[in-house]
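**Student:** model the structure of this input:
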Amino acid sequence: MKTIKNVTVIGAGVMGRQIALNAAVHGFIVHLADTFPEACEKAAKWAEEYLAKSVAKGKSTQEDADNALNRMHYSENPSEAVANCDLLIESIIEDEAIKHELFKSISAALPEDTIVTTNSSFIPSSSFAKDIGSPSRLCNLHYFNPAMLMKLVEIVKGEHTAAETVQALVAFVKAIEKESIVVNKEVDGFVVNRLIKALQNEAFFLFENGIASIEDIDIGAEKGLNFPLGPFRLLDLAGIDICYLNRQRIYEQTGRPEDKPPAFIEEKYKKGEFGRKTGKGWYDYSIK
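**Tutor:** Predicted coordinates for the structure are as follows:
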């Protein structure tokens, strides 16, 4: 079974930087790569502030924080960042065409035994099997937002994925003090997002038909089902854009009217109101 010591994360956005820091905190050498220099700068600043708060709250020592920061490295060149990695975690925009371009561009630089993963919450790794030399080392490694805090990681095994790859990822997830579930077959949405989608569909039905307001639907789920977040608050956290793009992708594949994103989701997407990351979604986060 492959031993993982060096981890490369591509994509320094909110998810990528958290995935990277989580690995660094748990002793892994991490390279965080993004072609946008400002993304790396923001990630580095965020990591310092996050660990400083952790020290101030007594959750970690200054020595541990300094060691984690020393294990973090930043790069604007993904191909250089993957040159010596044992595990690659792709965490860029949820756009299949852009992910294809990335995997194709770095495939030549990847060591032959590097485990290659995508953090995509919906797009299966089989979509990228032709982009790398050995698809047996390819898998979905799906973290949940916020990745520093959420304890679950989905390991999604495709027909192309070797059992040894899954075993190595199970060991890695344990090493970063999270819990993994293995999804034995690729299915749209994997396990957790299929459950969430079922809840979303009911929430969308209730709202579209004027049965209840967004606020009351969320309160119903939170107070009646004891969910930490109602379906619309959860969408604001995960990103309305991700919901729209994935539903649109499925609709383009099937052509079925029932798979088309609801009009009010499309409206939010076109307005650029994606949720917390843009300051406004179903709720206004600019109000303090």
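
**Student:** neighbours around residue 187, how many?
**Tutor:** Residues near residue 187, counting by other C-beta atoms under 10 Å, number 12. Glycine gets a C-beta too; all of them are placed from N, C-alpha and C.

**Student:** that one in helix, strand or coil?
**Tutor:** coil (DSSP: H, G, I helix; E, B strand; the rest coil).

**Student:** how much space is there between the nearest residue to it once chain neighbours are set aside and residue 173?
**Tutor:** Closest residue in space to residue 187, ignoring its immediate chain neighbours: residue 194 at 7.1 Å, by C-beta to C-beta, 6 or more residues apart in numbering. Separation of residue 194 from residue 173 (C-beta to C-beta, to the nearest Å): 20 Å.

**Student:** for those two, indicate the residue with more neighbours.
**Tutor:** Legend: neighbour count by other C-beta under 10 Å for residue 194 and residue 173, higher for residue 173 (20 against 13).

**Student:** pretty sure that one contacts residue 154?
**Tutor:** No - assessed by C-beta atoms under 8 Å, residue 173 is found out of contact with residue 154, at 9.6 Å.

**Student:** helices along the stretch 51-200 of the chain, start to end?
**Tutor:** 62-70, 78-81, 96-106, 163-175, 192-208 (DSSP state H, counting those that start in this stretch).

**Student:** export those to a markdown table and tack on mean pLDDT?
**Tutor:** Output for the helices of the stretch 51-200 of the chain, formatted as a markdown table (pLDDT from 0 to 100):
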| stretch | mean pLDDT |
| --- | --- |
| helix 62-70 | 98 |
| helix 78-81 | 97 |
| helix 96-106 | 96 |
| helix 163-175 | 98 |
| helix 192-208 | 95 |
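
**Student:** quick one: closest of these to residue 272.
**Tutor:** helix 96-106 (18.2 Å; C-beta to C-beta).

**Student:** contacts for the closest one?
**Tutor:** Helix 96-106 has contacts (C-beta atoms under 8 Å, 6 or more residues apart in numbering) with 10, 78-79, 82, 88, 90, 92-93, 116, 118, 120, 123, 127-128, 131-132, 249.

**Student:** could you list the buried residues of that helix?
**Tutor:** The neighbour-count check on helix 96-106 (16 or more other C-beta atoms under 10 Å) flags 99, 102-103, 106 as buried.

**Student:** go on, stretch 136-148?
**Tutor:** 136-145, 147.

**Student:** and the least confident of those residues?
**Tutor:** In terms of pLDDT, the lowest of these is residue 145, showing 89.

**Student:** you'd agree that one is up against residue 15?
**Tutor:** Yes - with contact defined as C-beta under 8 Å, residue 145 counts as touching residue 15 (6.1 Å).
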